[in-house]
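> here you go, sequence then predicted model.
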Amino acid sequence: MELAKEKMLELYRTMFKIREFEETVAVLFRQGKIPGWLHCCTGQEAVATGACAALRKGDYITSTHRGHGHLIAKGADVKKMMAELFGKKTGYNKGKGGSMHIADFSIGILGANGVVGAGIPIATGAGISIKRKKEDRVVLCFFGEGAGNRGTFHEGINLASTWNLAVVYLMENNLYAVSTHQSRVQKTTDIAARAGAYDIPGISVDGNDVLAVYNTVKRFAERARRGEGPALIECRTYRWHGHYEGDPLNYRSTEELEEWKKKDPISRFKKVLLMKNILSEERDRQIKDELKNKIAMAIKFAEESPYPEKEGALQDVFCELV
Ligand SMILES: Cc1ncc(C[n+]2csc(CCOP(=O)(O)OP(=O)(O)O)c2C)c(N)n1
């Protein structure tokens with residue numbers, strides 16, 4: 001189905017916003033302004049963007065350690081994200097959680113997650129809550145191909161299939177789990193075939209094609225919303241940066257990276273938009289300037305925000321039992 005012009009432009013804007021966020025925080029990290037660890041998703045923007053655009057505001061997502069793109073695409077506030085990355089009090093977790101622990105329940109973001117594969121049972125659990133409360137929502141569960149080899153993948157999907165839960169499991173296959181190529185830990189390359197073990201639909205799509213991701217997620221999210229149960233989608237993509245910022249990257253070749261850069265999801269989609277006269281070079285510049293400005297404002301906000309007081313270090317850590 002052909003999307004409306006505004007929706008197409010929105011996809012383009014979101015992908016660029018993610019790219020700008022990631023490229024900027026990578027520099028800030030090298031400058032020592034962001035503490036801790038940083039896992040960027042540059043190159044994978046089409047997955048987060050296409051998938052979240054296929055959801056409704058009330059739908060849930062679960063994310064990963066490489067979650068900035070998922071959060072931005074689901075509508076997170078980049079100012080609060082940036083402040084969190086800086087460790088500032090105005091951040092999503094008052095600066096005490098950092099990049100891998102951002103959540104915003106008000107817009108269905110059930111959390112990034114530093115534990116690989118841990119979002120899968122959370123998504124299944126959210127699916128159970130939707131079913132019990134008879135709500136009109138679906139859950140979209142993002143995880144990497146590394147996580148797909150954990151027990152949580154099989155346990156989570158098995159239960160969702162048996163109980164017919166409204167969860168779409170989306171594997172972002174960027175080929176590497178830290179430095180380990182998928183082929184070293186997994187014989188099959190046909191991830192979608194695993195869905196057969198749970199008697200649910202499984203499909204692999206080009207994860208650098210935002211429209212392919214959008215259409216596929218839309219189809220299976222609507223199917224789940226109708227009560228027809230979960231699905232497994234594999235999106236094939238590639239991360240341009242290292243596993244973490246500072247990764248020596250001695251496990252893959254620059255030729256491989258260059259090949260994937262030719263499939264850049266943003267410039268590919270720009271060509272489509274230009275061809276359809278939805279975008280002009282001038283409008284493209286305007287969009288990029290607006291979004292660069294938005295990210296620059298987020299940095300200003302983060303830089304000008306205070307650090308949390310040391311007296312509050314143990315607040316929000318343990319929950320009060322009533
Ligand atoms: C349970 C667990 N095991 C190991 C780690 C260390 N670790 C962090 S990220 C990662 C690789 C994850 O790969 P994948 O799921 O493919 O996601 P990607 O990094 O490619 O986005 C590993 C092993 C962890 N955080 N949690």
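Sure, I can see it.
> quick one: contacts for the residue in the chain positioned nearest to the ligand?
For the chain and the ligand, the shortest gap (Cβ to the nearest ligand atom) falls at Gly144, measuring 2.3 Å. All C-beta atoms are positioned from the backbone trio N, CA, C, and that covers glycine. Contact analysis of Gly144 by Cβ atoms under 8 Å, 6 or more residues apart in numbering lists 64, 66, 116, 171-174, 177.
> can you rerun that using 6 Å?
Contacts for Gly144 were tallied using Cβ atoms under 6 Å, 6 or more residues apart in numbering; they are Glu172.
> residue boundaries of the helices in the stretch 151-300 of the chain?
For the stretch 151-300 of the chain, applying DSSP state H, counting those that start in this stretch gives helices covering 151-162, 182-185, 210-225, 254-261, 265-275, 281-304.
> so which elements touch the third one?
With contacts defined as 3 or more Cβ pairs under 6 Å, 6 or more residues apart in numbering; DSSP states H and E, the secondary structure elements packing on helix 210-225 are helix 45-53, strand 167-173, strand 202-206, strand 231-236.
> tell me which of these lies nearest to Asp247.
With distances scored as Cβ to Cβ, the stretch of these nearest to Asp247 is strand 167-173 (17.6 Å).
> and the host helix or strand of Ile61, what does it pack against?
Per DSSP states H and E, Ile61 falls inside strand 60-62. With contacts taken as 3+ Cβ pairs under 6 Å, 6+ apart, strand 60-62 sits against helix 119-133, strand 139-144.
> how about that strand and the ligand, touching?
No. On the criterion Cβ under 6 Å from any ligand atom, strand 60-62 is out of touch with the ligand, staying 13.0 Å away.
> for the ligand, what are the nearby residues on this protein?
64-66, 114-116, 144-147, 174, 176-178, 243.
> now, those that are in strands?
Residues of the residues of the chain next to the ligand located in strands (DSSP state E): 144, 176-177.
> now the residues you listed as JSON lines including pLDDT?
Formatted as JSON lines, those follow (pLDDT from 0 to 100):
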{"residue": "Gly144", "pLDDT": "98"}
{"residue": "Tyr176", "pLDDT": "98"}
{"residue": "Ala177", "pLDDT": "98"}
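> what is the nearest of those residues to Asp316?
Taking Cβ to Cβ as the measure, Asp316 lies nearest Gly144 of those, at 28.1 Å.
> give me the number of residues near the closest residue to Lys17 other than its chain neighbours?
Once flanking residues are discounted, Lys17 sits nearest to Leu291: 5.0 Å by Cβ to Cβ, 6 or more residues apart in numbering. Leu291 is flanked by 19 other residues according to other Cβ atoms under 10 Å.
> do Met297 as well
Met297 has 13 neighbours, counted by other Cβ under 10 Å.
> separation between it and Glu45?
The gap separating Met297 from Glu45 is 20 Å, by Cβ to Cβ, to the nearest Å.
> what do you get for Ala195?
Distance, Ala195 to Glu45, by Cβ to Cβ: 25 Å.
> swap in Met8?
Remark: distance between Met8 and Glu45 (Cβ to Cβ) = 15 Å.
> ok, Ala83 next?
Taking Cβ to Cβ, one finds Ala83 at 22 Å from Glu45.
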